[in-house]
Structures are given as structure tokens and as C-alpha cells.
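A.B. asks: My questions are about this predicted structure, shown below with the sequence.
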Amino acid sequence: MFWRLLSTICSLTSCLNAVRVPGYDYFDDSYYYELKNLLEAPESLHGARGDHPREVNGWGPGLELGQVSGVSVDLEGRPVIFHRGPNVWNFKSFNATHHYQGEDGPIAEDPVLILNPDNGKVVRSWGGGRFLLPHGITVDHHGNTWLTDVALHQVFKFPAEAKAPDLTLGEAKVPGSDDTHLCKPTSVAVAKDGDFFVADGYCNSRILRFAPDGKLKEKFGHFGGEWSDSGLYVPHGVALDEARDTLCVADRENRRVVCIRAGLHHHTFGTPVRTLHPASRARVFDVAIHNGVLVGVSGTAEEGNAGGFTADLSSGEMLGEWGPLQGFRNPHAIAISGDGSALYVAEIGPNRIWKFTVGKTFLPTKM
């Protein structure tokens, strides 16, 4: 559609010159990129709120990354990513009992990168020599960074600027399903009072709620299909809406988002709230929440359904689908800036990070 229209426009160059309107050579690439964006954006991107995330063209060029498994946003509005450097998760990485088989040692380079939100350049990095197969990252309301490592089967909490964690869950390289072990944990969501929730994960299909000191308080979920409200099949991401006392889980292989009570405000932890299904019915990899609006990423290019989606948590209404102009290939994680003005999506293969700007009608700043 775009190129047919552009051809028609270019055929009128002589008319444009006659009235002293700049011709084709006058406009730079960004002009035509924006025109193409406007003409080819499918209606599904616009959603019910009359707006949709718009990719920032050319943001973050030149980043050399391994598999980018996680993204969050810190208190200064900077995206923070977690990547695997030279280490790769493939079919040889684990045996049948989920023990890590990789011959590579800890990632020597820094796997945690803090980026400039304006241009995507690295501001600071840290964490070298500690991790094997990074997965999830969350920066909480107090500036702590929470990291999960599926090969170590552990969750770590790093205070701001700290070089060592002040809290570690799980036993290094020892998978398990009891109260003191984890098995390929994927993601963490943290409440303002310090309680936190761990998606555990690829093996155990459960959500664990902990006190700030790491004491296990409650458990939710079991291995099961979509016919069960509490059945999970790879809980791959978690997001918390404290105002609604709601914890939402990206139930990956069941191709849905399961939302339950977080138990923070006189509700019983684990009580079902609602279940959301992306229109594409694709596998859901991650979710994030801002003021009652849930965004998520799902699908892969190989399956033909990779994209972002948006939903209203209060009504359960699916508001629309969106993505970059060239499309996602393997979106793996998503994060929203604190002011709701930007979204960041991490992809594995290609290993990259996307930035999208967001209008106020899409993610309202007030409830």
C-alpha cells in the first residue's frame, strides 16, 4: 500500500516543483519512515483507547548483546537489561532432571546494562563473573535489583550500587521443588512493603510469595492446563497492580494471562480475578502493568503471531495489538517506565531491545 501511494506521490513531482513544494530529494529518510508508519500501521494497533505504542526509530544502535532475557526500568527512568553474553540456552543446556550441563563458566562480561533512555547507549554495567544463564530482572520501588538465573536455580536481590546480593533464594545449581529450592525461576514482582512474588518457573509451575526477609509465606499454582484456574504451564513473567491487589502471571504454554489476588489488602492470596487471552492465542512471554492497564508480549515469528497486546484489568477487555513496523521475532520481556510514557521490549534472537513511546490515552497517568 505504502509503495503504491509513494509512487503516485513521486509521479506528481513536476507539479510540486511548479508550485515550489520540495520534491523527493528534499525529504530525509525519517520523513518517509514516518509516512510509511502512518500508512501501513494496521488498525489493530490503535486499540480502544485511540492510541498505541510507537517504536522509536534508530534507538539503541550498536549494542552488542547476548540473548536478552529481561528488561526493567529503574527509578531514574532508565531501562535496565539482563543478557547472557556468550552463554546460550539451547537443547544441550540441561539434562532430564534440570541440572545445568553447560561447559561455560560464569559470564565474564557485565550482563546487567543500564541504558540512557534517550539514545539507548550504555550508562553503566555490572554483574560480571557471577551469572550463568540470566532470565528475569526487576528494579523495585526502593531501587533494589532482583535477578533470576535459570542455570543457578536462584533469585538474587541487589541493593542499589551493591556488588553483592543481600538476599539469595535457592541453592546454586541444585533444582528442587521443596520450600528452600527453586527450579529455573523466571521472574519477580515486588510490593512496596517489601513482600515479593517469584515465578518458579520452568519446572515447578508455581508462584511463591515471600516476606521481605525471604521467608516463604504462601504458594499458588501447580502444573496444569488452561481448564484449571490454578493450573500453570511455565509461569514466565509476573506483574503486580497493588491498587487492585492483583498479581498477573504470563502463563506461557497455556497461552494466557492468569490474574489472582496478591493478598496485600485483606484478600486471600491466589483467589482468581480474571483470565486474559491475547487475540492471537499465542504463547504469552511476559506482562507489565501501569495504572490498571496491562501490556504483554506473545508469540514468535516462526509461529506467525509475535506481537504486543494491551488489556484493561478492570473490565478484562482486550484493547488492541501492536508492535514495531518490521515486526517482532522473539519478544521475551516487557517493562513500562514509571511515568507510563515508554515501553521497552527485549528480544532473544535477534538479541535487541526496543523502545516505544506511549500516549496518555493509552496508559493513563492517573487511575
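C.D. replies: The structure has been received and is ready for your questions. Numbering: from 1, shown residues only.
A.B. asks: Of all the residues in stretch 342-353, which ones are buried?
C.D. replies: 342-348, 351-353 (16 or more other CB atoms under 10 Å). (C-beta placed from N, C-alpha, C; glycine too.)
A.B. asks: So residue 253: helix, strand or coil?
C.D. replies: When classified by DSSP: H, G, I helix; E, B strand; the rest coil, residue 253 comes out as helix.
A.B. asks: give the contact list for it.
C.D. replies: Listed by CB atoms under 8 Å, 6 or more residues apart in numbering, the contact partners of residue 253 are 233-234, 283.
A.B. asks: Now do it, the pLDDT please.
C.D. replies: Reported pLDDT at residue 253 in the predicted model: 97.
A.B. asks: Distance check, it against residue 180.
C.D. replies: 26 Å (CB to CB, to the nearest Å).
A.B. asks: helix, strand or coil for residue 243?
C.D. replies: Under three-state DSSP, the three-state class of residue 243 is helix.
A.B. asks: Quick check, it in contact with residue 290.
C.D. replies: No: contact between residue 243 and residue 290 fails when scored by CB atoms under 8 Å: they sit 10.8 Å apart.
A.B. asks: Next, the contact list for residue 237, please.
C.D. replies: Contact partners of residue 237, counting by CB under 8 Å, 6+ apart, are 136, 186-187, 199, 249-250, 284-287, 296, 333-334.
A.B. asks: all strands of the stretch 251-367 of the chain, in order?
C.D. replies: 256-261, 272-276, 284-290, 293-298, 307-312, 318-322, 331-336, 342-347, 352-357 (DSSP state E, counting those that start in this stretch).
A.B. asks: Residue 209: what's it in contact with?
C.D. replies: For residue 209, the contacting residues are 195-197, 216-220, 262-263, 269, by CB under 8 Å, 6+ apart.
A.B. asks: these two touch, right, residue 218 and residue 268?
C.D. replies: No: in terms of CB under 8 Å, residue 218 does not count as a neighbour of residue 268; the distance is 9.3 Å.
A.B. asks: mind giving me TSV with the strands of the stretch 251-367 of the chain and columns for distance to residue 116 and mean pLDDT?
C.D. replies: Output for the strands of the stretch 251-367 of the chain, formatted as TSV (distance: least, CB to CB, whole Å; pLDDT from 0 to 100):
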stretch	distance to residue 116	mean pLDDT
strand 256-261	31	98
strand 272-276	33	96
strand 284-290	21	97
strand 293-298	22	97
strand 307-312	23	96
strand 318-322	24	94
strand 331-336	15	98
strand 342-347	12	97
strand 352-357	11	96
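A.B. asks: Perfect, I'm done here.
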